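J.: Just need the structure, nothing else, for what follows:
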Amino acid sequence: MTIHRGTAGGGGITKIGDDCFLMAQAHIAHDCVLGNNVIMANAATLAGHVIVADGANIGAYSGVHQFCRIGREAYIGGYSVVVKDALPFALTVGNHAKCYGLNKVGMRRRGYSRDTIAALHHAFHLLLSSKLNTTQAIERIREEIRDSAEVDELVRFAENSKRGVVK
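T.: Residues are numbered from 1 along each chain as shown. Have a look, this model is predicted:
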């Protein structure tokens with residue numbers, strides 16, 4: 001696998017967190033930041049300035065466009081092409097990638113409560129399946145779902161996106 005060092009224009013740092021599993025032929029370009037417990041399968045590729053949050057899983061032969069973010073515990077399916085920010089806790093798959101909702105299996109395996117999973121499932125429904133645009137969906141999520149740190153994280157991630165989010 002290859003890891004490129006940071007550039008002067010990008011802050012000079014490429015950073016890899018603890019306990020990452022980086023498989024054969026994976027590529028991490030300049031100025032990328034990976035959190036802890038990230039998995040990059042064979043030949044998964046990150047362009048420059050990509051940020052990958054803790055616990056994300058990037059499938060084999062997937063490519064992530066420069067300046068994109070991959071949310072916490074996001075699952076990127078194999079052979080996917082990600083050109084926008086991939087939402088935390090989501091299943092994101094395809095060329096160009098599409099979000100297929102909450103990664104329920106991953107959430108259960110990581111020990112999240114039923115209440116948290118239900119709240120995130122409802123938030124993903126509003127964000128992806130309703131006929132609301134992203135701004136309207138976020139407003140509804142805030143109105144309907146309270147007291148969930150994970151839902152709050154999802155909302156903040158979408159609101160802070162500069163490239164837009166995969167939907």
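J.: Every contact and neighbour count from this point should use C-alpha atoms.
T.: Will do.
J.: Find the nearest non-adjacent residue to Ile13, please.
T.: Nearest non-adjacent residue to Ile13, counting by C-alpha to C-alpha, 6 or more residues apart in numbering: Gly6, 4.1 Å away.
J.: Would you agree that neighbour falls within a helix?
T.: No - assignment of Gly6 by DSSP: H, G, I helix; E, B strand; the rest coil gives coil, placing it outside any helix.
J.: surely it meets Gly12?
T.: Yes - using C-alpha atoms under 8 Å, Gly6 is in contact with Gly12, at 4.0 Å.
J.: Give me the common contacts of those two.
T.: Taking C-alpha atoms under 8 Å, 6 or more residues apart in numbering as the criterion, Gly6 and Gly12 both touch Asp31.
J.: So those two - more neighbours on which side?
T.: Shown here are Gly6 and Gly12; by other C-alpha atoms under 10 Å, Gly6 has more neighbours (19 against 12).
J.: about what we covered before: which residues does the residue nearest to Ile13 contact?
T.: Gly12, Ile13, Thr14, His30, Asp31, Cys32.
J.: if you look at these, which of them are in strands?
T.: If you go by DSSP state E, the contacts of Gly6 have nothing in strands.
J.: pretty sure Gly164 is touching Lys84, no?
T.: Yes - Gly164 lies in contact with Lys84 (C-alpha under 8 Å); the separation is 5.6 Å.
J.: Neighbour count for those two, which is higher?
T.: Neighbours of Gly164 and Lys84, each counted by other C-alpha under 10 Å, are more numerous for Lys84; the result is 23 against 17.
J.: For the more buried one, report the pLDDT, please.
T.: pLDDT recorded at Lys84 is 98.
J.: so how far is Phe67 from it?
T.: Counting by C-alpha to C-alpha, to the nearest Å, the separation of Lys84 from Phe67 is 9 Å.
J.: any common contacting residues for the two?
T.: Arg163.
J.: so what's Ala90 up against?
T.: Glu73, Ala74, Tyr75, Cys99, Tyr100, Gly101, Leu102, Asn103 are the contacts of Ala90 under C-alpha under 8 Å, 6+ apart.
J.: sorry, back to before: buried subset of the contacts of Gly6 as a PyMOL selection?
T.: In PyMOL, a selection of the buried entries from the contacts of Gly6 looks like this (16 or more other C-alpha atoms under 10 Å):
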select buried, resi 13+14+30+31+32
